[in-house]
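Trainee: Structure for the following, please:
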Amino acid sequence: MYKKIVVAVDGSQTSRQAAQEAVKMASLTSGTVHAVFVVDTTPFFSDAGYYDPVVLTEALRNDGARALEGVQALCREAGVACTVELIETEPLNDDIAQALNRCAARIGAELVVLGTHGRRGVKRLMLGSVAERVVRMAACPVLLVRGSATDEAA
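Mentor: Numbering: from 1, shown residues only. Prediction:
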């Protein structure tokens, strides 16, 4: 059964729900939750005017640290072993899904858990789907936790 469980978090309510499911699964199997936050360092917002990529990356790292602390607290409350990791995408053509799958392979994950917003149509086309890409590339089972419509608005 799933002993090494990777859960991807991004600070959203949907990712908190995914973390809760990962903790439940780990408590049933006496497994370990490995929480991961991916900082996307690939160039973005290139035509959105001036921004300082160093400041933006540092803000993302701080968001990641807070999200990972939340998972540690969940695991502590449930008595589940937990490790956390903040990783960054590699320069140029890397993305969050690739980084997550590399992390899962590196630690020998038996299950990956992540939230999905369930976007459809133009929103999905414009924003893409990290969850879909993780599922397509994963070498182990993936549990998707669907957020509610109110989570999308937040």
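Trainee: tell me the contacts of residue 133?
Mentor: Contact partners of residue 133, counting by CB atoms under 8 Å, 6 or more residues apart in numbering, are 95, 97, 98. Where you see a C-beta, it was placed from the backbone N, CA and C, and this is true even at glycine.
Trainee: In space, what's closest to the last one - neighbours in sequence excluded?
Mentor: Put plainly, it is residue 98. If the residues on either side of it in the chain are set aside, residue 98 comes closest to residue 137, at 7.0 Å by CB to CB, 6 or more residues apart in numbering.
Trainee: Next up, phi/psi of that neighbour, please.
Mentor: Dihedral angles phi and psi of residue 137 (degrees, to the nearest 10) take the values phi -100, psi -10.
Trainee: Worst mean pLDDT across the helices and strands of this protein, which element?
Mentor: One helix or strand of the chain scores below all others by mean pLDDT, DSSP states H and E: helix 121-127, with a mean of 46.
Trainee: still on that earlier bit, got a quick ChimeraX command for the buried subset of the contacts of residue 133?
Mentor: Isolation of the buried members of the contacts of residue 133 (16 or more other CB atoms under 10 Å) is achieved in ChimeraX through the command below:
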select :97,98
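Trainee: In helices only, show me the contacts of residue 133.
Mentor: Helix and strand membership here follows DSSP state H; of the contacts of residue 133, those in helices are 97, 98.
Trainee: now the chain, which segments are flagged as low pLDDT?
Mentor: Screening the chain residue by residue with the criterion pLDDT under 70, one finds the ranges 43-50, 118-128, 149-154.
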